[in-house]
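Trainee: Here is a sequence with its predicted model. Questions after.
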2 protein chains.
Amino acid sequence: MSKLLIVGSMAFDQIETPFGKSHKTMGGSANYISLSAAMFHAPSAVVSVVGDDYPTAFIEALSQRHIDTSGIEVVAGGKTFFWSGKYHNDMNLRDTLDTQLNVLADFCPIVPTEFADAEVVMLGNLHPCVQMKVLDQMSTPPKLVIMDTMNYWMTHTHKELLEVIARIDVLTINDEEARQLTGEYALVKAAERIMAMGVKYVIIKKGEHGALLFHADKVFFAPALPLAEVFDPTGAGDVFAGGIAGYLAKTGDYSFENLKNALIHGSNLASFCIEKFGTERMLSLTEEEMYERLQDFKDLTQFDIVVRN
Amino acid sequence: MSKLLIVGSMAFDQIETPFGKSHKTMGGSANYISLSAAMFHAPSAVVSVVGDDYPTAFIEALSQRHIDTSGIEVVAGGKTFFWSGKYHNDMNLRDTLDTQLNVLADFCPIVPTEFADAEVVMLGNLHPCVQMKVLDQMSTPPKLVIMDTMNYWMTHTHKELLEVIARIDVLTINDEEARQLTGEYALVKAAERIMAMGVKYVIIKKGEHGALLFHADKVFFAPALPLAEVFDPTGAGDVFAGGIAGYLAKTGDYSFENLKNALIHGSNLASFCIEKFGTERMLSLTEEEMYERLQDFKDLTQFDIVVRN
């Protein structure tokens, strides 16, 4: 078991899908990542910021899962980050209806001393300068830094983004973002370009089409589970990354072979996330359910072909 | 080894991609399927129609691969089916520039007597009535009928299409077509609907995102190989289907477990097809190359996760 440090946003999300509309629900990358990573019981801490309108019950949901929440700054008189979005029929496209950064706008992360030597650091999607500030506070160089980002930072903070990318080991990014970041259409070529930026492992997320893991000249594919119904895809990418971070921290094995397993775990956890609104399903998920569905992933992809004539 | 009967179109294709423009090249579903299936050496025959402008060398390319070509009707004074299309940068979309059905418009397939008892029948994309006429000529009920189709027949010959579907065992169809045929967006539900039409195995093709195999409540996923360059995707779906048909005829095993292997072989062969214009790469492909790349498919998807805590 290695120590895992998680940084990301905490938010109120209000989500509309063809199936209905949520109330202000628990959201933000730090929550999705933490709930997912917690399934593997590595000693973890989360760094984030909320306003004093944020329910203590939301924070307790993490501390009950033995996540150190001392790095969550509660800004007196501040309002928590709010996001509202609407999905259409095909669930691959969404419109952002409202974004209120609130306390997230001035977020200055403070890493708890006990976790400044964390072996695994998971940087959720945030301003690259905030991600950088976390790395700067580490007392020992982490063995593995995983980072998620999005197109917004590529457009608005390109230089800062590249500076963080040069310091990380694993980048998770979706297919369109990989194309935007590199100018390459073929994902194989996009991944090569990103590795040339100093990243050891590139994970390209393709939503319902699964995810690709690139490392040197090797590639692995983790499918998404084909589902009859996607209720709400919000947070699936964060849960995927959180599962990877949690599993790697649990095993302490950062080899390509073990990253394959981490991706399968991440994809498995993401398949639960989308069954209900927001973090709802992750809050009720049991280990038994998780390990049971893992077998479906084996059945989905494992074959026994004879590789000769 | 079981006998394999293949029916489909033979054509001149003229293809334009961002990489260049082909001359009038060997095309049509029957050619792609035959060249792919021939890699497995099951006794095969092909039924199709061409005009007397069709080069004998194209027919000899099949007979050299020990495919019975006596079922290819050569219409004196007739012109061979011609198709011309243009791909854009993302290679997933193409415009048809020209379609001249010519002799294909009056095609009445004649199954060679020796192949009327074929165990495996592969119906390439054609008018459903033509596909039906082939099934009507079988002296013994085939053990496995595989059928490919396209959106055009769903729109224009819906009733006839459903009649053929009710008589087949395996349907290969792309994701958008599966949605159009069933009105279901989720592929799991679309596959269920198609199975309810009387089909035992449904194979949904997702292009660069691989293919799904559905059977009762089981599902298997065969990935596409992530490639740095797609030169010309024409015929990839036919090569995929041909590889499935050829492998199943070779092994004579029509179980779900063996269909998994068939899909991997099909996907492997399709990965070669797209490396050059039209059928060019399939004409030069060796068994050694085929079996070598099969290992890449194992590396791409096989993992060794522990399915318990």
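Mentor: Now that the structure is in, tell me what you want to look at. Numbering: from 1, shown residues only, chains lettered A, B, ... in the order given.
Trainee: mind checking how far residue A:3 is from residue A:246?
Mentor: 12 Å (C-beta to C-beta, to the nearest Å). All C-beta atoms are positioned from the backbone trio N, CA, C, and that covers glycine.
Trainee: neighbour count winner among the two?
Mentor: residue A:246 (29 against 19; other C-beta atoms under 10 Å in any protein chain shown).
Trainee: So residue A:30 lies in a strand, does it not?
Mentor: No: using DSSP: H, G, I helix; E, B strand; the rest coil, the assignment for residue A:30 is helix, not a strand.
Trainee: All the helices of the stretch 51-200 of chain A, residue numbers only.
Mentor: Here the stretch 51-200 of chain A has its helices, by DSSP state H, counting those that start in this stretch, at A:56-63, A:128-136, A:151-156, A:158-165, A:175-182, A:187-196.
Trainee: near chain B, which residues of the stretch 51-200 of chain A?
Mentor: For the stretch 51-200 of chain A, the contact set with chain B under C-beta under 8 Å from any C-beta of the partner chain comprises A:89, A:90, A:185, A:186, A:187, A:188, A:189.
Trainee: From those residues, keep the buried residues only.
Mentor: In these, burial by neighbour count holds for A:185, A:186, A:187, A:188, A:189, counting by 16 or more other C-beta atoms under 10 Å in any protein chain shown.
Trainee: Can you tell me which of these is nearest residue A:305?
Mentor: residue A:188 (22.9 Å; C-beta to C-beta).
Trainee: residue contacts, that closest one?
Mentor: For residue A:188, the contacting residues are A:214, A:219, B:226, B:227, B:228, by C-beta atoms under 8 Å, 6 or more residues apart in numbering or on different chains.
Trainee: can you count the residues close to residue A:95?
Mentor: Residue A:95 has 10 nearby residues by other C-beta under 10 Å.
Trainee: where's it relative to residue A:104, distance?
Mentor: Per C-beta to C-beta, residue A:95 is found 20 Å from residue A:104.
Trainee: can you give me the offset of stretch A:269-285 from its chain's centre?
Mentor: 14 Å (C-alpha atoms, centre = their mean, to the nearest Å).
Trainee: Grab the nearest non-local neighbour of residue A:35.
Mentor: Nearest non-adjacent residue to residue A:35, counting by C-beta to C-beta, 6 or more residues apart in numbering or on different chains: residue A:282, 4.0 Å away.
Trainee: And residue A:303, by the same measure?
Mentor: Using C-beta to C-beta, 6+ apart, the nearest residue to residue A:303 is residue B:260, at 4.4 Å.
Trainee: so where does the one you found fall, helix or strand?
Mentor: For residue B:260, the element it lies in under DSSP states H and E is helix B:256-273.
Trainee: On the C-terminal side of that helix, identify the next helix or strand.
Mentor: Following helix B:256-273 in sequence, per DSSP H and E, is helix B:280-284.
Trainee: any idea how far the closest residue to residue A:76 other than its chain neighbours is from residue A:75?
Mentor: Leaving aside its sequence neighbours, residue A:76 sits nearest to residue A:52 (C-beta to C-beta, 6+ apart; 5.5 Å). The gap separating residue A:52 from residue A:75 is 7 Å, by C-beta to C-beta.
Trainee: Which one's more surrounded, those two?
Mentor: Comparing residue A:52 with residue A:75 by other C-beta under 10 Å, the one with more neighbours is residue A:75, at 18 against 13.
Trainee: residues in contact with the more buried one?
Mentor: Shown in contact with residue A:75 (C-beta under 8 Å, 6+ apart): A:49, A:50, A:51, A:52, A:103.
Trainee: Quick check: bridge partners of it?
Mentor: Under DSSP bridges, the beta-bridge partners of residue A:75 are residue A:51.
Trainee: element containing the residue most central in space within chain A?
Mentor: Most central in chain A under C-alpha atoms, centre = their mean is residue A:238, positioned 2.7 Å from the mean C-alpha point. Secondary structure assigned from DSSP H and E places residue A:238 in helix A:236-251.
Trainee: what angle do that helix and helix A:256-273 make?
Mentor: Calculated by axes from the mean of the first three to the mean of the last three C-alpha atoms, to 10 degrees, helix A:236-251 forms an angle of 140 degrees with helix A:256-273.
Trainee: helices or strands next to helix A:236-251 in the packing?
Mentor: Applying 3 or more C-beta pairs under 8 Å, 6 or more residues apart in numbering or on different chains; DSSP states H and E, we find helix A:236-251 packed against strand A:4-7, helix A:29-37, strand A:120-123, strand A:144-148, strand A:170-174, strand A:201-205, helix A:256-273.
Trainee: Redo those as JSON lines? Include mean pLDDT and mean neighbour count.
Mentor: Below are those laid out as JSON lines (pLDDT from 0 to 100; neighbours: other C-beta atoms under 10 Å in any protein chain shown):
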{"stretch": "strand A:4-7", "mean pLDDT": "98", "mean neighbour count": "31"}
{"stretch": "helix A:29-37", "mean pLDDT": "98", "mean neighbour count": "30"}
{"stretch": "strand A:120-123", "mean pLDDT": "98", "mean neighbour count": "31"}
{"stretch": "strand A:144-148", "mean pLDDT": "98", "mean neighbour count": "26"}
{"stretch": "strand A:170-174", "mean pLDDT": "97", "mean neighbour count": "26"}
{"stretch": "strand A:201-205", "mean pLDDT": "98", "mean neighbour count": "26"}
{"stretch": "helix A:256-273", "mean pLDDT": "97", "mean neighbour count": "24"}
